[in-house]
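Chemist: predicted model follows, preceded by the sequence.
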Amino acid sequence: MISIEEAIQLVKKNVNPIFAEVTKSVEKSGSYFLHEDIYSPINMPPFRQSAMDGYALCLHHDLSYNLIDEVKAGDAHQPILKKGEAVRIFTGAPVPDTADAVIMQEKVKINGNKISIEHQINKAHNIRPLGEQVKIGDLALKEGTKLTPAAIGYLSSLGITKVSVFKKPSIAIVTTGNELVEAGQDLTQGKIYESNSKMLLAALYSLKFYDVNIHKVEDDYEKTVSKLNTVINENDLVLITGGISVGDYDFVGKALNKLKVEVLFYKVKQKPGKPLFFGKKDNTSIFALPGNPAAALTCFYVYVFIALQNMTNRDIVELPRVKAKSISNFEKKGDRPQFLKAVYKDGGVEILEGQNSSMLQTFALSNALVFVPEHITNVNINDTVETILLPV
């Protein structure tokens with residue numbers, strides 16, 4: 001049995017970035033990382049553009065101008081202005097080549113076909129120049145940039161429809177247990193509804209990992225070997241729930257051994273989630289999570305989250321940890337460090353009732369985990385505690 005710190009370091013050290021390339025449509029590339037530099041195919045803006053609603057002026061010495069035309073956003077025509085002439089113009093519209101500046105409409109007085117301005121303005125005032133944001137051929141976004149909503153909007157504004165990105169991991173979730181039935185079926189004696197796969201799938205989706213398949217295997221050694229062999233060969237990451245303990249019908253450990261999976265650790269000194277397994281075969285990372293739902297989800301956030309970030313981000317990232325003041329009392333039993341379901345708000349954290357590893361009701365209300373180290377036996381009100389903030 002190893003420490004939490006040792007387990008985290010083994011995950012960081014042994015999960016490698018995925019460098020494979022895939023092509024995505026821009027609108028479906030959110031949260032991916034660019035595989036190559038993107039160069040702008042156009043100037044942006046592609047023409048001199050009005051920054052606001054107002055009047056485009058061909059400047060002269062006077063404060064009065066003759067209004068001769070109108071240019072709306074999307075118009076292609078180019079009125080020719082002489083000195084002392086103006087056109088009505090709107091935000092985003094092309095500024096005529098013969099116009100020197102745009103004055104906002106609030107600073108103009110209108111009298112028929114004449115306008116007057118309050119004072120002289122400088123050339124190029126309120127005009128976005130051609131290529132102000134990026135010029136044709138310039139680097140628009142560099143390789144490794146994460147495609148945020150703003151980045152997707154930016155690329156779309158340049159007319160780019162497809163991008164080359166780093167592949168995200170393909171993930172298999174494998175549930176084990178003859179006692180498990182699907183929600184919607186009759187719950188007969190001795191059966192429980194299977195929830196771990198839906199829980200883990202939701203956690204993965206919330207982190208924007210969508211290449212996920214769910215598999216169920218009976219408590220049978222040969223079937224377990226066959227199923228795990230298939231998913232390990234076909235995926236970058238395998239998450240197994242249940243069957244990793246040493247009971248007569250827990251076949252996961254035996255199957256992984258049969259498949260010659262490299263054991264990086266098995267059992268961590270922690271509560272919940274002591275019977276956690278992490279291993280590798282070729283380039284596939286394998287986590288065998290505890291069957292108890294709250295323990296499985298805790299291990300997902302503490303360990304699997306790091307693996308996912310390292311596969312995709314090329315930076316090793318953990319969930320944020322903050323110091324918070326406890327607004328609860330808690331007595332820790334035993335000598336193992338504990339992760340406690342909690343609610344964090346405004347620098348304070350409440351440790352919730354119902355910390356049993358089989359219970360999800362408390363976890364459903366939580367937005368944080370309070371970490372209680374091995375040497376701490378009691379948490380008192382106003383104690384400062386280390387708090388892991390969960391994704392929301």
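Modeler: Perfect, thanks for sending it.
Chemist: show me where this protein has helices.
Modeler: Ranges of helices within the chain are 4-14, 149-157, 196-206, 221-234, 252-258, 293-299, 305-313, 361-365, based on DSSP state H.
Chemist: just the ones you listed: most buried one?
Modeler: Across the helices of the chain, averaging neighbours per residue (mean count of other Cβ atoms under 10 Å) puts helix 293-299 on top, at a mean of 25. Backbone N, C-alpha and C define where each C-beta goes, glycine included.
Chemist: report all helices and strands that it contacts.
Modeler: Packing partners of helix 293-299 (3 or more Cβ pairs under 8 Å, 6 or more residues apart in numbering; DSSP states H and E): helix 196-206, strand 284-289, helix 361-365.
Chemist: now mean pLDDT too, for those, in a markdown table please.
Modeler: Shown next, in a markdown table, are the helices and strands packed on helix 293-299 (pLDDT from 0 to 100):
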| stretch | mean pLDDT |
| --- | --- |
| helix 196-206 | 96 |
| strand 284-289 | 97 |
| helix 361-365 | 94 |
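Chemist: got those as TSV, with distance to Asp186 columns?
Modeler: Output for these, formatted as TSV (distance: least, Cβ to Cβ, whole Å):
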stretch	distance to Asp186
helix 196-206	19
strand 284-289	27
helix 361-365	23
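Chemist: of these, which is nearest Leu130?
Modeler: For the helices and strands packed on helix 293-299, proximity to Leu130 was assessed by Cβ to Cβ; helix 196-206 is nearest, at 42.2 Å.
Chemist: name the residues that touch that closest one?
Modeler: Helix 196-206 has contacts (Cβ atoms under 8 Å, 6 or more residues apart in numbering) with 171, 173, 175, 210, 212, 214, 216, 239, 241-242, 289, 291, 293, 296-297, 300-301, 308, 360, 391.
Chemist: of those residues, which belong to strands?
Modeler: Ile171, Ile173, Thr175, Val212, Ile214, Lys216, Leu239, Thr241, Leu289 (DSSP state E).
Chemist: separation between the fourth one and Ala124?
Modeler: Val212 sits 53 Å away from Ala124, taking Cβ to Cβ, to the nearest Å as the criterion.
Chemist: compare these two (neighbour count), which wins?
Modeler: Per other Cβ atoms under 10 Å, whichever of Val212 and Ala124 has more neighbours is Val212, with 18 against 13.
Chemist: pretty sure that one is touching Val174, no?
Modeler: No - assessed by Cβ atoms under 8 Å, Val212 is found out of contact with Val174, at 11.5 Å.
Chemist: what's stretch 26-34 in contact with?
Modeler: Under Cβ under 8 Å, 6+ apart, the answer for stretch 26-34 is 24, 141-149, 152, 155-156, 160-166, 168, 208, 312-314.
Chemist: of these, grab the buried ones for ChimeraX.
Modeler: Restricted to buried positions by 16 or more other Cβ atoms under 10 Å, the ChimeraX selection for those reads:
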select :24,141,147,152,155,160,163,164,165,166,168,312
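Chemist: pLDDT weak spots in this structure?
Modeler: Applying pLDDT under 70 to the chain flags the ranges 178-181, 187, 243, 245-249.
Chemist: nearest to the spatial middle of it, which residue is it?
Modeler: Leu207 (4.8 Å; Cα atoms, centre = their mean).
Chemist: so who does it touch?
Modeler: Counting by Cβ under 8 Å, 6+ apart, Leu207 touches Phe305, Leu308, Pro391.
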